[in-house]
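Participant: A structural model of the following input is requested.
(one chain, ligands or ions: 1)
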Amino acid sequence: MPDITFELNEDQQQVRDWIHGFAVDVMRPAAAEWDEREETPWPVIQEAAKIGLYSLDFYAQQYFDPTGLGIAMTMEELFWGDAGIGLSIVGTGLAAVGVLANGTEEQVGTWIPQMYGDASDVKVAAFCSSEPDAGSDVSAMRTRAVYDEAKDEWVLNGTKTWATNGGIANVHVVVAVVDPELGSKGHASFIVPPATPGLSQGQKFKKHGIRASHTAEVVLEDVRIPGHCLLGGKDKLDERLARARERAKTGGERVKNAAMATFEASRPAVGAQAVGIARAAYEVALDYARTRVQFGRPIIDNQGIAFQLADMRTRIDAARLLVWRASWMAVAGKPFASAEGSMSKLFAGETAKSVTAQAMQILGGNGFTREYPVERMHRDAAIYTIFEGTSEIQRLVIARTLSGMPIR
Ligand SMILES: Cc1cc2nc3c(=O)[nH]c(=O)nc-3n(C[C@H](O)[C@H](O)[C@H](O)COP(=O)(O)OP(=O)(O)OC[C@H]3O[C@@H](n4cnc5c(N)ncnc54)[C@H](O)[C@@H]3O)c2cc1C
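Facilitator: Numbers count the residues shown, from 1 in each chain. Predicted structure coming up:
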């Protein structure tokens, strides 16, 4: 029995085929409509909830898959179906992972189920970190959380932007500054429970792609939340802040940033989404190139087309291998000594963008119309070099990790 395999096991193949069936039967037929409507596809999320594909149990099962490939496989298949709808289905997971990474067991048990709701009343959740002046530069964050000791409440004020599901979420996870002197070490994450006064949706963005996913500003005006909504609890926060202040005073050794380690582990999941989009566009292009006849022969008979398809497929497979390696490293507890998580997201994101552009070219005029899906896939792919850390920021992380130098 070899130690290494590049295949999914039997259980995983079954799950993959099940998701693929949902992608073919439910997501694909709905994709163009929800892209045009630019709205959250609630009926599709509900369908997913009915069969258990939108549920805490399913994602927990994939998240804790001992091979590490459960989430990567799920993401690839859903985003092969459609990226906008896919993001509406998995967007809640970003907030759920925020609670899993920083919350107590009790917080995980209380809040994550409320993020998903149930099949008869589905809910979504939002993770709100980005701000108008704090995108790549998280340390510029301004949203403040101040502790009101007399009432054991936190008071949140600020404006978040670009939040997936922002304002329509049942539960919002909000990152805020608790100690402005400490830069990004002075941040903490909070749960804003359903229907909390003071939280409102600001502008909803009209986007280039992933238009079936809701993206909006979230405005926080004197939002009062109970003390127990601080993820991880007050004692842990106080300890962490004391350590950070001590290090700032003594100029002590820089400890590895826990948030960075979390990002490294979650980036392959985003890379897997990009692989799904790229694979979908490649398949459409391959099919078209085989059947479209010009100059009396299928266009794939031209090396200029066939070699493009060969390159597209090679890049997709390479991207998947990087994603799978990083996913396996995360679950095996391997240190990301060369920022392998960032590598996978960088390469897969760039691959989705270039492969979908090539697919449009292979479809000629048809590729440029909404009669064929590659135009939408190309628009959807563009976000993969921007969100969850832009391609430039991934390169920065990789270069800093490799060199140990504070490259700017
Ligand atoms: C559709 C969508 C959904 C999103 N969902 C969420 C969400 O759910 N929650 C959330 O918190 N955020 C979300 N975001 C925010 C997203 O993560 C940010 O847009 C992203 O981090 C980039 O920040 P920015 O847009 O402010 O760009 P900026 O940081 O202003 O960057 C602008 C350009 O400058 C480059 N740049 C910046 N700094 C450097 C540097 N040091 N070296 C080289 N180049 C640099 C960037 O790479 C980019 O090309 C979402 C964004 C979008 C568009």
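Participant: Helix, strand, or coil at residue 68?
Facilitator: coil (DSSP: H, G, I helix; E, B strand; the rest coil).
Participant: close enough to count as contact, residue 356 and residue 277?
Facilitator: Yes. The pair residue 356 / residue 277 is scored as a contact, 6.6 Å apart, by C-beta atoms under 8 Å. To be clear about C-beta, it is placed using only N, CA and C from the backbone, and glycine gets the same treatment.
Participant: where do the helices sit along the stretch 101-250 of the chain?
Facilitator: Assigned by DSSP state H, counting those that start in this stretch, the helices in the stretch 101-250 of the chain fall at 105-116, 234-250.
Participant: In a markdown table: those helices, plus distance to residue 42 and mean pLDDT.
Facilitator: Formatted as a markdown table, those follow (distance: least, C-beta to C-beta, whole Å; pLDDT from 0 to 100):
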| stretch | distance to residue 42 | mean pLDDT |
| --- | --- | --- |
| helix 105-116 | 13 | 97 |
| helix 234-250 | 36 | 93 |
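Participant: quick one, what contacts the closest residue to residue 222 other than its chain neighbours?
Facilitator: Of all residues not flanking residue 222 in the chain, residue 198 sits nearest, at 5.1 Å (C-beta to C-beta, 6 or more residues apart in numbering). By C-beta atoms under 8 Å, 6 or more residues apart in numbering, the contact set of residue 198 is 156, 220, 221, 222, 223, 224.
Participant: now with 10 Å?
Facilitator: 155, 156, 157, 192, 219, 220, 221, 222, 223, 224, 225 (C-beta atoms under 10 Å, 6 or more residues apart in numbering).
Participant: Please name the bridge partners of the second one.
Facilitator: Just to be clear, that refers to residue 156. residue 145, residue 223 (DSSP bridges).
Participant: How much space separates it from residue 39?
Facilitator: 28 Å (C-beta to C-beta, to the nearest Å).
Participant: Of the two, which one has the most company?
Facilitator: Neighbour count, other C-beta atoms under 10 Å: between residue 156 and residue 39, residue 156 has more, with 24 against 17.
Participant: burial measure for the residue nearest to residue 233 when sequence neighbours are not counted, as a count.
Facilitator: Leaving aside its chain neighbours, residue 233 sits nearest to residue 104 (5.8 Å; criterion: C-beta to C-beta, 6+ apart). Using other C-beta under 10 Å, residue 104 has 15 neighbouring residues.
Participant: quick one, phi psi at residue 104?
Facilitator: Phi and psi for residue 104, reported as degrees, to the nearest 10, are phi -80, psi 170.
Participant: Contacts only, for the nearest residue to residue 70 once chain neighbours are set aside.
Facilitator: Take residue 70 and drop its neighbours on the chain: the residue closest to it by C-beta to C-beta, 6+ apart is residue 62, 3.4 Å away. Neighbour list for residue 62: 12, 15, 19, 69, 70, 71, 72, 73, 74, 75, 93, 269 [criterion: C-beta under 10 Å, 6+ apart].
Participant: With respect to the ligand, which of those residues is nearest?
Facilitator: Ranked by distance to the ligand (C-beta to the nearest ligand atom), those are led by residue 93 at 10.7 Å.
Participant: tell me the SS of that closest one?
Facilitator: On the basis of three-state DSSP, residue 93 is classed as helix.
Participant: Find me the pLDDT at it, would you?
Facilitator: Predicted confidence (pLDDT) at residue 93: the value is 94.
Participant: Quick check: it touching residue 266?
Facilitator: Yes. If you go by C-beta atoms under 10 Å, residue 93 and residue 266 touch, sitting 9.3 Å apart.
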